[in-house]
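Colleague: Quick check, what structure comes out for this input:
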Amino acid sequence: MELCCHCGHRRATRPRQLCWRCYGTRRVRMLYALTKPRGRRRARPATHPTDALPGSLEKILVLMRRAELRQDLWHPDDAPFGGRPPLEQAG
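Modeller: Numbering: from 1, shown residues only. Presented below is the predicted three-dimensional model:
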């Protein structure tokens, strides 16, 4: 059990490792910095698209790898469901 870092008497259950009473006092609250970052952290964009079809084992492995690297799971150029459309012949 962690005690309040200001008064040292009550259990710290609020942000900034303060108890309810100390956290409720604005002057006390402003003395202590936040201990955890606020908001969602933005993932980095996925570096390379994949030709793996959605739902395939290969695609799942790619998604797992992207999650480990804290990248976005989806790349705009990933293979769509049903595979890539055939390229038209120029000519």
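Colleague: The lengthiest helix in the chain: which residues count as buried?
Modeller: When the chain is parsed with DSSP state H, its longest helix is helix 57-68. Residues 59, 62, 63, 66 are the ones in helix 57-68 that count as buried (16 or more other Cβ atoms under 10 Å). Where C-beta positions appear, they are placed from N, C-alpha and C, glycine not excepted.
Colleague: One more: stretch 16-31?
Modeller: Result for stretch 16-31 [16+ other Cβ under 10 Å]: buried residues 16, 17, 18, 19, 22, 23, 28.
Colleague: now, among those residues, which is nearest to residue 9?
Modeller: residue 19 (7.6 Å; Cβ to Cβ).
Colleague: Next up, the contacts around the closest one.
Modeller: When contacts are counted by Cβ atoms under 8 Å, 6 or more residues apart in numbering, residue 19 touches 3, 4, 6, 7, 9, 10, 11, 12, 13.
Colleague: quick one: residue 82 from residue 57, how far?
Modeller: 17 Å (Cβ to Cβ, to the nearest Å).
Colleague: what do you get for residue 74?
Modeller: For residue 74 relative to residue 57 (Cβ to Cβ), the value is 18 Å.
Colleague: returning to that earlier point: mind checking which of the contacts of residue 19 are buried?
Modeller: 4, 6, 12.
Colleague: the helices in this protein, which residues?
Modeller: 20-23, 26-29, 57-68.
Colleague: Quick check: which of the ones you listed is nearest to residue 49?
Modeller: helix 57-68 (9.6 Å).
Colleague: Kindly state the distance between the middle of that closest one and the middle of its chain.
Modeller: 16 Å (Cα atoms, centre = their mean, to the nearest Å).
Colleague: Also stretch 13-26?
Modeller: The answer for stretch 13-26 is 26 Å, by Cα atoms, centre = their mean.
Colleague: quick one: terminal-to-terminal distance for it?
Modeller: 16 Å (Cα to Cα, to the nearest Å).
Colleague: and what of stretch 11-23?
Modeller: Stretch 11-23: ends 12 Å apart by Cα to Cα.
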